[in-house]
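Chemist: just need the structure, nothing else, for what follows:
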Amino acid sequence: MPPIPSTTPATGPDPVGPDPTGSGPAGLSAHQPTAADLARVAARAAGDLLAPPAPVRLADVIPAPERVAPDPTADFVLPADAAIRVSLDPAARDVAEQLAEQLRPATGYLVPVTDLAEPRTRDLLVLTVAGAAAPAATEGATGLGAAEVGGGAALGDEGYRLDVADGGVRITAATAAGLFHGVQTLRQLLPTAIESPTPVAERWVVPGGLIVDRPRFPYRGAMLDVARHFFGVADVLRVIDHLARYKLNHLHLHLTDDQGWRIAVDSWPRLATVGGTTEVGGGPGGWYTAADYRRIVRYAARRHVTVVPEVDLPGHTNAALVAYPELAPGKIPPPPYTGTEVGFSYLDPADERTYDFVADVLGEVAALTPGPWLHIGGDEAFKVKGAAYTGFVERAQRIVAGLGKTVVGWHQLAPAAHLDGRVLQWWGTNGDDPDIAAAVRRGARLILSPGNHAYLDMKYAPDTPIGHDWAGLIDVRKAYDWDPGTHLTGVPAAAVLGVEAPLWTESVTSLAEIEFMLLPRLPAIAELAWSPRVTHDWAGFRDRLAGHGLRWDLAAIAFHHSPEIPWPTEATQRAVPRQPTAETTDRTSDQVRPDPAGTPGPPPATNGA
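Modeler: Numbers count the residues shown, from 1 in each chain. Alright, predicted model coming up:
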């Protein structure tokens, strides 16, 4: 979608809107300017006349904003004495503090955060939470009226409005989540060097104009499988940062599987201490304590990301059965499993003790999880068939509802009786799925994770050193070129809650490998989930994505140097590290664990989860 042309007048009202303090337009205080003030303004004006244009265009954002109106005459240069002023709201204040934390390392500036009620500074970054329409003065400065851009209410729970003029930057939203997404856009509009962890000599210019933006789908996420290979807390926090950067708002953690149980449960302690000590390839495994998990949840919440925990039932349960053989059919303890096959393990659906176990585990996980979702898996339980399977699922669904949570499950749950609010996660590769269409007619909502577009454990190309190919090869264009609103036959767009990109980790053993598989495909999925369909354009996306390689390099983020993307020459490929290293600290605890990245991964699985 081409940018909306700007009609900004040469002169006009305050470009960042009225000042709530009553002290006058942006960049000027109420008192008469001193000679030093005038000299400073004149020096900056002269510098701007000689300076090159902003290195980033207003429309270069990923995901693509809903509306963009550039104004090349209104670029804002962040000065050394800039400050952030923010609404009197604790959540908004936290967003402002995070923006300051992002600006300080590269700029070397102090960037203080002050309340809007306090005396204003000369140059401003203003964050406001406002349920009403944006100020008329701001609308006039951009040439867009109130009916066109909407106000806080029209932006919804996650939308934002970003105004950039030479006197300052204002981000307005109805909620702190909207402010946070606006801050991510501002971060992308600053020069690439803003990603540097150390001070850089740079002209910190933001391109002038207006962005009005809001998401297409409310659920936008990625999944990390920590069961096949365990990843410590610090690695998970790093993944959350990647999601937040691109306005993804859900992290689905696949916490349990045949190879390992990764969350401590007080009422069934051997799940972690026995079931958590293995992983694919025979590594040491690991698990999250309640404190670890709370830390992940808190970190995500501060970035407006909701954690969706998955306890996979009734299949994918070998680790649980090793810990508690009484849950197994025949009460026979299975050996620990470190391979990659699926479909062989299951809880005994005929034993009432099984449902005590399910209720205890889901109850403890729900108590640790403030978000609304509880994922019960349900996939590939090949040995629990027909009425036994649907009966188990229906009881599990009722347990979830009794905990005050909304049940989510893989699409194999579809034949089970519908429960109000139920969400099915579809990972198929054929868009014609009558069972899913029937479940939608009964009221189910969908999260779309098509295996041949959104599974980020698929290889990019035949020579990709890790990953699978059972759903095909997924290069960046394949990840980008599909429409969640029309992908499934007989499923209206209104039934699609959102999009999620899963990363299974049978062959992924390190943070660098996680990043290599996520990037650059994760931004493609993010754009499908956030941006209006009318903005969907592969050529434009590819060119916008190219500039992010330099940002990832500066931030020491590993990524696949896809040949489809015209990376700047300075962006160098970060190879997937497979060389042996002495040891890697497991940042979940004080333990030190061997680094499994030095050993070849197992053969890929031949199916989904």
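Chemist: ok, and for stretch 185-195, which residues are buried?
Modeler: T185, L186, R187, Q188, L189, L190, P191, T192, A193, I194, E195 (16 or more other C-beta atoms under 10 Å). For every residue, glycine as well, the C-beta is placed using N, CA and C.
Chemist: can you give the distance of it from its chain's centre?
Modeler: Mean-position distance between stretch 185-195 and its chain equals 18 Å (C-alpha atoms, centre = their mean, to the nearest Å).
Chemist: can you offset everything so residue one is 45?
Modeler: Shifting the count to begin at 45 puts that one at stretch 229-239.
Chemist: quick one: average pLDDT of it?
Modeler: Regarding stretch 229-239, the rounded mean pLDDT is 98.
Chemist: dump the C-alpha coordinates for that stretch into PDB.
Modeler: C-alpha atoms of stretch 229-239 as PDB (Å, rounded to 0.1, in the frame of the first residue of the first chain):
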ATOM      1  CA  THR A 229       8.200   1.400  15.500                       C
ATOM      2  CA  LEU A 230      10.200   4.400  16.700                       C
ATOM      3  CA  ARG A 231      13.100   2.100  17.400                       C
ATOM      4  CA  GLN A 232      13.100   1.000  13.700                       C
ATOM      5  CA  LEU A 233      12.800   4.600  12.500                       C
ATOM      6  CA  LEU A 234      16.100   5.600  14.200                       C
ATOM      7  CA  PRO A 235      19.400   4.900  12.400                       C
ATOM      8  CA  THR A 236      20.600   1.400  12.400                       C
ATOM      9  CA  ALA A 237      23.300   2.300  14.900                       C
ATOM     10  CA  ILE A 238      20.700   2.500  17.600                       C
ATOM     11  CA  GLU A 239      21.200  -1.200  18.100                       C
END
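Chemist: buried stuff in stretch 115-131?
Modeler: By neighbour count on 16+ other C-beta under 10 Å, the buried set for stretch 115-131 is D115, A118, D119, F120, V121, L122, A126, A127, I128, R129, V130, S131.
Chemist: tell me which of those fall in strands.
Modeler: Among these, the residues falling in strands (DSSP state E) are F120, V121, A127, I128, R129, V130.
Chemist: pick out the most distant pair among these.
Modeler: The most widely separated members of these, counting by C-beta to C-beta, are V121 and V130 (20.8 Å).
Chemist: low pLDDT regions in the stretch 345-494 of the chain?
Modeler: Counting by pLDDT under 70, the stretch 345-494 of the chain contains no low-confidence range.
Chemist: just the helices from it, written as ranges.
Modeler: Here the stretch 345-494 of the chain has its helices, by DSSP state H, counting those that start in this stretch, at 362-367, 396-412, 430-446, 478-485.
Chemist: over to the stretch 145-294 of the chain?
Modeler: Under DSSP H, counting those that start in this stretch, the stretch 145-294 of the chain gives helices at 180-186, 190-193, 196-199, 220-233, 277-289.
Chemist: for E438, give me its contacts.
Modeler: A460, A461, L463 (C-beta atoms under 8 Å, 6 or more residues apart in numbering).
Chemist: ok, and the most crowded of those residues?
Modeler: Among the contacts of E438, A460 has the most neighbours (other C-beta atoms under 10 Å), with 21 neighbours.
Chemist: let me see the contact set for the closest residue to that residue other than its chain neighbours.
Modeler: Excluding the flanking residues, the one nearest A460 by C-beta to C-beta, 6 or more residues apart in numbering is V437, at 4.1 Å. Going by C-beta under 8 Å, 6+ apart, V437 touches I420, G422, G453, L457, A460.
Chemist: quick one: the second one from D302, how far?
Modeler: Spelled out, it's G422. With distances taken as C-beta to C-beta, to the nearest Å, G422 is found 15 Å from D302.
Chemist: flag the shaky bits of this structure, pLDDT-wise.
Modeler: Scanning the chain for pLDDT under 70 picks out 45-96, 163-167, 175-197, 614-653.
Chemist: in space, not sequence, find me the middle residue of it.
Modeler: L287 (2.4 Å; C-alpha atoms, centre = their mean).
Chemist: so it touches V349, yeah?
Modeler: Yes. Contact status for L287 versus V349: in contact at 5.7 Å, counting by C-beta atoms under 8 Å.
Chemist: identify the contacts common to the two.
Modeler: N293, H294, L295.
Chemist: wait, the first one sits on G265?
Modeler: The one in question is N293. Yes. Using C-beta under 8 Å, N293 is in contact with G265, at 6.8 Å.
Chemist: who touches both of the two?
Modeler: By C-beta under 8 Å, 6+ apart, the residues touching both N293 and G265 are L287.
Chemist: report the two of the buried residues of stretch 229-239 separated the most.
Modeler: T229 and A237 (17.5 Å).
Chemist: how many other residues sit next to T151?
Modeler: T151: 21 neighbours (other C-beta under 10 Å).
Chemist: I'd say it and W248 touch.
Modeler: Yes. Using C-beta under 8 Å, T151 is in contact with W248, at 5.9 Å.
Chemist: identify the contacts common to those two.
Modeler: With C-beta under 8 Å, 6+ apart, T151 and W248 have common neighbours L122, I238.
Chemist: pretty sure G465 sits against T450.
Modeler: Yes. Between G465 and T450 there is a contact under C-beta under 8 Å: 4.8 Å.
Chemist: neighbour-wise, which of these two wins?
Modeler: Higher neighbour count among G465 and T450: T450, with 19 against 16, using other C-beta under 10 Å.
Chemist: quick one, what contacts H455?
Modeler: So H455 contacts D423, L468, Q469, W470, W471, G472, D477, D479, I480 (C-beta under 8 Å, 6+ apart).
Chemist: out of the residues you listed, which are buried?
Modeler: Buried members of the contacts of H455, counted by 16+ other C-beta under 10 Å: D423, L468, Q469, W470, W471, G472, D477, I480.
Chemist: thought Q441 was touching I420?
Modeler: Yes. In terms of C-beta under 8 Å, Q441 counts as a neighbour of I420; the distance is 7.4 Å.
Chemist: tell me, what's touching the two both at once?
Modeler: What both Q441 and I420 touch, as defined by C-beta under 8 Å, 6+ apart, is the set V451, G453, L457.
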